[in-house]
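*Asks:* Sequence unavailable; structure follows:
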């Protein structure tokens with residue numbers, strides 16, 4: 001599939017401290033034309049027509065009414081986290097846009113941390129560490 005035929009997906013950036021991880025961006029590029037927020041803001045008129053999806057990574061980019069109004073062909077917002085509390089679902093759906101997320105992406109690590117915290121609490125691990133190794 002040629003790059004022109006790929007649906008456009010808006011992301012904040014690639015790499016850096018707030019962008020999509022580079023290996024994830026490589027995967028997305030196989031199926032989408034990645035458009036960074038900088039590219040979008042630099043040429044809103046042309047880019048807004050190409051964007052059919054927004055990929056929200058670590059709550060970025062922020063989805064607000066202004067952004068939704070500027071994306072006439074937007075169909076779906078994909079959120080890379082478990083919850084969607086940071087998204088105004090009612091407002092988004094009023095634009096006819098669907099929202100997806102990855103509910104099981106961090107289920108195992110969350111369970112592991114929960115078990116670790118319960119065991120540490122039951123065994124008074126933190127207190128023992130402080131008593132044995134005063135700082």
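*Replies:* Cool, the structure landed. Computed from a prediction, not measured in an experiment: that's the story for all the values here.
*Asks:* Tell me which residues are up against the longest strand seen in the chain.
*Replies:* Using DSSP state E, we find that the single longest strand of the chain is strand 51-56. By C-beta atoms under 8 Å, 6 or more residues apart in numbering, the surrounding residues in contact with strand 51-56 are 7-11, 20, 28, 32, 35, 40, 61, 63, 67, 71, 73-81, 87. Using the backbone N, CA and C atoms, a C-beta is placed for each residue, glycine as well.
*Asks:* For ChimeraX, write a command that selects the buried ones of those.
*Replies:* To isolate the buried ones among the contacts of strand 51-56 in ChimeraX, judged by 16 or more other C-beta atoms under 10 Å, type:
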select :8,9,10,11,20,28,32,35,40,61,63,67,71,74,77,78,79,80,81,87
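*Asks:* residues contacting residue 115?
*Replies:* So residue 115 contacts nothing (C-beta under 8 Å, 6+ apart).
*Asks:* So it: helix, strand or coil?
*Replies:* Under DSSP: H, G, I helix; E, B strand; the rest coil, residue 115 falls in the helix class.
*Asks:* Go ahead and confirm residue 6 touches residue 34.
*Replies:* No: proximity of residue 6 to residue 34 does not meet the contact threshold set by C-beta atoms under 8 Å, at 9.1 Å.
*Asks:* In this protein, mark out all the strands, start to finish.
*Replies:* Using DSSP E, strands in the chain cover 8-11, 33-36, 51-56, 76-79, 98-100.
*Asks:* Where does pLDDT dip in this protein?
*Replies:* Applying pLDDT under 70 to the chain flags the ranges 1-4, 132-135.
*Asks:* tell me, what residue is most central in it?
*Replies:* Centroid check for the chain by C-alpha atoms, centre = their mean gives residue 57 as the closest residue, at 2.0 Å.
*Asks:* which outside residues touch stretch 31-43?
*Replies:* Counting by C-beta under 8 Å, 6+ apart, 3-4, 6-14, 19, 25, 28, 47-48, 50-51, 53, 61 sit against stretch 31-43.
*Asks:* So in that sheet, which strands flank the longest strand of the chain, and in what orientation?
*Replies:* Its sheet considered, strand 51-56 pairs with strand 8-11 (parallel), strand 76-79 (parallel) by DSSP bridges.
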